[in-house]
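Engineer: Quick one, structure for this:
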Amino acid sequence: MSTHATTSAPAGTWRLGDLTVNRVGFGAMRLTGTKPFDQGVPRDREQSIRVLRRAVDLGVNHIDTAAFYFSTTRSANELINRALAPYPEELVITTKVWPGRDTSGEWWWASPEQLRGQVEENLRQLGRDHLDVVNLRVPPSSKEGPVGEHFGALARLRDAGLIRHLGLSNATSGQLAEARSIAPVVCLQNPFGLGADDASRELLRFCGDQGIAFVPFFAVAGTGREDGPAAVESEEAVTAVARTHGASPAQIRLAWTLHQGPHVLAIPGTGDPDHLAQNLAAATIRLSQEELARLDGIRPAGA
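Structural biologist: Below you'll find the predicted structure:
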């Protein structure tokens, strides 16, 4: 399918609080290299800057980033600042806190009192006086634990004017409920894609009922739960649908994600201009009811 004139507009818009964004956004993690952090080959800096500017030119007005998106030689926040500042008024930048990385790349997790420093680090790197949306990224070790102290600390930073809106990332339904008892939550950013389990699908539906944006990550890569025959069956189904539309499997995965509800926002990431065009073109794919049923039927291995 043609990708030359595609913009982010065909998928429509949704709200992050009082901010309206196009449903196809941009994830910044891959700007620094071919793999996250220091695991791949560094991207050409000027190419990453061109990709960011091209994305905004094509209507992307929602960028997802984090201060811990950096490699030895590249920082996603610095690239965003260099490419896009002074920022367009309609551009919404979402970031994440709680995890952090020191200068050697080692991970650490912030206490509630340390979250202000992480917020200020994002402000400095992005060159902004406030952050549009900050997601509290729940660590794997706290998957079922309380988030109230950390979310409360962010709510106080919102009251102080450093943050406009709050969200959660990698959170359970219980953690979402706990956070909402403290302050409004405008988005939930969780792993989600073809093969997602029933609990994840139910949480996506709940967010739609509550007017909360659901922002899946790993929508193209998959949830990582498939293996063996389930993975083969999944890939065969995706490939068959892709062939019908003259599209790539990655585009079908993105299109399926966008079909899950008007509140679902996609944030595919890339440092490659051709992949950017392909990601945006996925918004124009209209899947039939039969295709959706076939793709919806994909389940995790052992389900």
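Engineer: give me every residue that touches H62.
Structural biologist: Applying C-beta atoms under 8 Å, 6 or more residues apart in numbering, we find H62 in contact with L16, V21, N22, G25, F26, L91, V92, T94, L265, I267. Any C-beta I mention is one placed from the backbone N, CA and C, and that applies to glycine too.
Engineer: For the nearest residue to the last one once chain neighbours are set aside, name its beta-bridge partners.
Structural biologist: Distances taken as C-beta to C-beta, 6 or more residues apart in numbering put G27 closest to I267, at 4.1 Å, once the chain neighbours are dropped. Note on G27: beta-bridge partners D64, G269, judged by DSSP bridges.
Engineer: G27 touches F217, doesn't it?
Structural biologist: Yes: at 7.1 Å, G27 and F217 qualify as touching, with contact defined as C-beta atoms under 8 Å.
Engineer: which residues do those two both contact?
Structural biologist: Both G27 and F217 are in contact with I267, where contact means C-beta under 8 Å, 6+ apart.
Engineer: Neighbour count for those two, which is higher?
Structural biologist: Using other C-beta atoms under 10 Å as the criterion, G27 and F217 rank with G27 on top: 25 against 21.
Engineer: Can you give me the distance of I298 to I252?
Structural biologist: Noted for I298: a distance of 12 Å to I252, by C-beta to C-beta, to the nearest Å.
Engineer: Looking at those two, which is more packed in?
Structural biologist: Set side by side, I298 and I252 give different neighbour counts by other C-beta under 10 Å, the larger being at I252 (26 against 21).
Engineer: Quick check, the more buried one in contact with A237.
Structural biologist: No: in this structure, I252 sits apart from A237 without contact. The criterion is C-beta under 8 Å, and the distance is 9.1 Å.
Engineer: so what sits against both of these two?
Structural biologist: Taking C-beta under 8 Å, 6+ apart as the contact rule, the neighbours common to I252 and A237 are L295.
Engineer: just so I have it, where are all the helices in this protein?
Structural biologist: Counting by DSSP state H, the chain has these helices, from start to end: 45-57, 76-84, 115-126, 148-159, 173-180, 198-210, 228-245, 249-258, 273-281, 289-296.
Engineer: Which one of the ones you listed lies nearest to D132?
Structural biologist: The stretch from the helices of the chain with the least distance to D132 (C-beta to C-beta) is helix 115-126; that distance is 9.9 Å.
Engineer: quick one on the thing from earlier: let's see if you can find the most crowded of the contacts of H62.
Structural biologist: Most neighbours among the contacts of H62, by other C-beta under 10 Å: T94, with 30 neighbours.
Engineer: Please tell me the pLDDT value assigned to that one.
Structural biologist: The pLDDT attached to T94 in the predicted structure is 98.
Engineer: What's the local residue count around the residue lying closest to it once chain neighbours are set aside?
Structural biologist: Ranked by C-beta to C-beta, 6+ apart and with sequence neighbours excluded, the top spatial neighbour of T94 is V133, at 4.1 Å. Residues within reach of V133, counting by other C-beta under 10 Å, total 25.
Engineer: my guess is V133 contacts R164, does it?
Structural biologist: Yes: at 6.8 Å, V133 and R164 qualify as touching, with contact defined as C-beta under 8 Å.
Engineer: shared neighbours of the two, which are they?
Structural biologist: Common contacts of V133 and R164, defined by C-beta under 8 Å, 6+ apart, comprise G17, L19.
Engineer: Please determine how far the most centrally placed residue in the chain is located from P184.
Structural biologist: For the chain, the residue nearest the mean C-alpha position is I267 (4.3 Å; C-alpha atoms, centre = their mean). Distance from I267 to P184, counting by C-beta to C-beta: 21 Å.
Engineer: With P146 instead?
Structural biologist: Between P146 and P184 the distance, using C-beta to C-beta, works out to 19 Å.
Engineer: who touches the residue nearest to S173 when sequence neighbours are not counted in this structure?
Structural biologist: For S173, the nearest residue in space outside its immediate sequence neighbours is L203; the separation is 5.5 Å by C-beta to C-beta, 6+ apart. If a contact means C-beta under 8 Å, 6+ apart, then L203 has T172, S173, L176, L188, N190, F214 as its contacts.
Engineer: Would you mind giving those as TSV with neighbour count added?
Structural biologist: Putting the contacts of L203 into TSV (neighbours: other C-beta atoms under 10 Å) gives the following:
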residue	neighbour count
T172	19
S173	13
L176	21
L188	28
N190	23
F214	23
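Engineer: Kindly reformat those as JSON lines containing pLDDT.
Structural biologist: Rendered in JSON lines, the data for the contacts of L203 read as follows (pLDDT from 0 to 100):
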{"residue": "T172", "pLDDT": "97"}
{"residue": "S173", "pLDDT": "97"}
{"residue": "L176", "pLDDT": "98"}
{"residue": "L188", "pLDDT": "98"}
{"residue": "N190", "pLDDT": "97"}
{"residue": "F214", "pLDDT": "98"}
